[in-house]
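Chemist: Here you go, sequence then predicted model.
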Amino acid sequence: MLSDVSQLQKKAHTGHYSVTAAVVANSDLIAVMPERAVPPGLPLERLHLPIGIADALVRQFWHRRHDVDPGHRWLRETIGEMAF
């Protein structure tokens, strides 16, 4: 068991959780990510972190002309519900 997190080294950086999960599934690397972001069907073991971490800040931006557009509002709400 790793007793000192300072021993960890960053080996990769990806732009999306689905890519991160695929990289981890095909290597000896590990990742810390929201469980909801792991695509189903990948041979990954899921463990809870033994420490607390701060919540991520998720923001959405759009032009004000889209405030009342029903489709745009639906998309914003859907993304908001899915946010980690």
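Modeler: Sure thing, it's come through.
Chemist: hey, where'd the helices end up in this structure?
Modeler: Chain-ordered helices for the chain, with DSSP state H as the definition, fall at 17-25, 70-82.
Chemist: Next, the buried residues of the first one.
Modeler: Spelled out, it's helix 17-25. Judged by neighbour count (16 or more other CB atoms under 10 Å), helix 17-25 contains these buried residues: Y17, T20, A21, V24. Where C-beta positions appear, they are placed from N, C-alpha and C, glycine not excepted.
Chemist: Out of these, flag the one nearest to L47.
Modeler: When the buried residues of helix 17-25 are ranked by distance to L47 (CB to CB), V24 comes first, at 12.3 Å.
Chemist: Kindly indicate which of the buried residues of helix 17-25 lies nearest L42.
Modeler: In terms of CB to CB, no member of these lies closer to L42 than A21, at 5.5 Å.
Chemist: So which residues of this protein form strands?
Modeler: Assigned by DSSP state E, the chain shows no strands.
Chemist: My read is that R76 contacts R59, right?
Modeler: No - assessed by CB atoms under 8 Å, R76 is found out of contact with R59, at 11.3 Å.
Chemist: Excluding chain neighbours, what is closest to A83?
Modeler: Take A83 and drop its neighbours on the chain: the residue closest to it by CB to CB, 6 or more residues apart in numbering is V58, 4.1 Å away.
Chemist: Could you count how many residues lie near the one you found?
Modeler: 10 (other CB atoms under 10 Å).
Chemist: State the pLDDT value of it.
Modeler: V58 is assigned a pLDDT of 78 by the prediction.
Chemist: Can you give me the domain assignment for this structure?
Modeler: Here the domain assignment for the chain is 1-44, 55-84, based on automatic domain parsing.
Chemist: Now the weakest link among those domains, please, by mean pLDDT.
Modeler: The stretch with the lowest mean pLDDT among the domains of the chain is domain 1-44, at a mean of 83.
Chemist: Now do the closest residue to I30 other than its chain neighbours against M33, distance only.
Modeler: Of all residues not flanking I30 in the chain, V24 sits nearest, at 6.5 Å (CB to CB, 6+ apart). Relative to M33, V24 is positioned 9 Å away (CB to CB, to the nearest Å).
Chemist: and if you look at L49?
Modeler: Applying CB to CB, the value for L49 to M33 is 11 Å.
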